[in-house]
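**Q** quick one: sequence plus predicted model below, questions after.
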Amino acid sequence: MQERMFTVTQNRPIARDVYELCLKGDTGAISGPGQFVNVKLDGFFLRRPISVCNVQGDELTLIYKVVGEGTRAMQGIQAGTLNLLTGLGNGYDVSRSGDAPLLIGGGVGVPPLYLLARRLCEKGVRVQTILGFNSRQDVFYEDAFRELGDVTVTTADGSYGRKGFVTDVLSEKEYSYFYTCGPLPMLRAVYNMSRGEGEFSFEERMGCGFGACMGCSCRTITGTKRICKDGPVLRKEEILWEG
């Protein structure tokens, strides 16, 4: 983990209530896809955890959805610097992908899969991706993923792509391994319908973001794990669902 100052180069809307924040700074602590950063905002005690969408050299891309006061404050940032804790979380294991990995993202769970797709392509693996959204207004990064492999987009209301959910497409796919990130109901559905091995990245409310407060703990077959420190990525075989 490193605390670094980043310069804001762009902060623009890319879908309904969804923004792409581009920064420049020391990205050396970011070691792989699926990690996140913690953003310090003036006037707020707790930092905001945001997954890493992309990193190239000293350029860092974050995608966030405006859902509360903190992200609403981020929406207005157009210049200046931001204090970030970087290199947080374990990230996805690209070595387990096999030759036909499947990426499954829902809503703001889509961004960390983009860097993952890039890393897999760098290995010479062509990825297939399922992106799920509520409606046409919520769709983002479809073209970016298409540059890296095959993409299927679903919308719950049928206003774009295939009507339905990511699991409707999942049942039709052949894959060697899967990676997924999205809201908890989607992750549970993917868990129940998926075949073989895979990795789940959990979206969880966090306090400190580096394992000190235990506020984002979850049960696994090997005991309690902290989503921020021991995750956010867990393997399918270690997950214990509550309820």
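**A** Ah, there it is.
**Q** what are the contacting residues of the longest helix anywhere in the chain?
**A** Using DSSP state H to assign secondary structure, the helix with the most residues in the chain is helix 111-122. By Cβ atoms under 8 Å, 6 or more residues apart in numbering, the surrounding residues in contact with helix 111-122 are 32-36, 51-55, 62-63, 92, 94, 97, 101, 103-105, 127, 129, 141, 144-145, 148-149, 179, 181, 201. C-beta here means a position set from N, CA and C on the backbone, and glycine is covered the same way.
**Q** now, of these, which are buried?
**A** In the contacts of helix 111-122, burial by neighbour count holds for 32-36, 51-55, 62-63, 92, 94, 97, 101, 103-105, 127, 129, 141, 145, 148-149, 179, 181, 201, counting by 16 or more other Cβ atoms under 10 Å.
**Q** got the CA positions of the longest helix of the chain in CSV?
**A** Coordinates of each C-alpha in helix 111-122 appear next as CSV, following Å, rounded to 0.1, in the frame of the first residue of the first chain:
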residue,chain,number,x,y,z
PRO,A,111,-14.6,-1.6,-14.5
PRO,A,112,-12.1,-4.0,-12.9
LEU,A,113,-12.7,-6.5,-15.6
TYR,A,114,-11.3,-4.2,-18.2
LEU,A,115,-7.7,-4.3,-16.9
LEU,A,116,-8.2,-8.0,-16.4
ALA,A,117,-9.2,-8.4,-20.1
ARG,A,118,-6.1,-6.4,-21.1
ARG,A,119,-3.8,-8.5,-19.0
LEU,A,120,-5.3,-11.7,-20.4
CYS,A,121,-4.9,-10.4,-24.0
GLU,A,122,-1.2,-9.7,-23.2
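**Q** okay, buried residues for that helix please.
**A** Within helix 111-122, the residues that count as buried by 16+ other Cβ under 10 Å are Pro111, Pro112, Leu113, Tyr114, Leu115, Leu116, Ala117, Arg118, Arg119, Leu120.
**Q** equivalent analysis for stretch 68-78, please.
**A** Buried residues in stretch 68-78, counted by 16+ other Cβ under 10 Å: Gly70, Thr71, Ala73, Met74, Gln75, Ile77.
**Q** immediately after the longest helix of the chain, which helix or strand?
**A** Once helix 111-122 ends, the next helix or strand along the chain (criterion: DSSP states H and E) is strand 127-133.
**Q** show me this protein divided up by domain.
**A** As given by automatic domain parsing, the domain ranges for the chain are 2-88, 94-203, 204-243.
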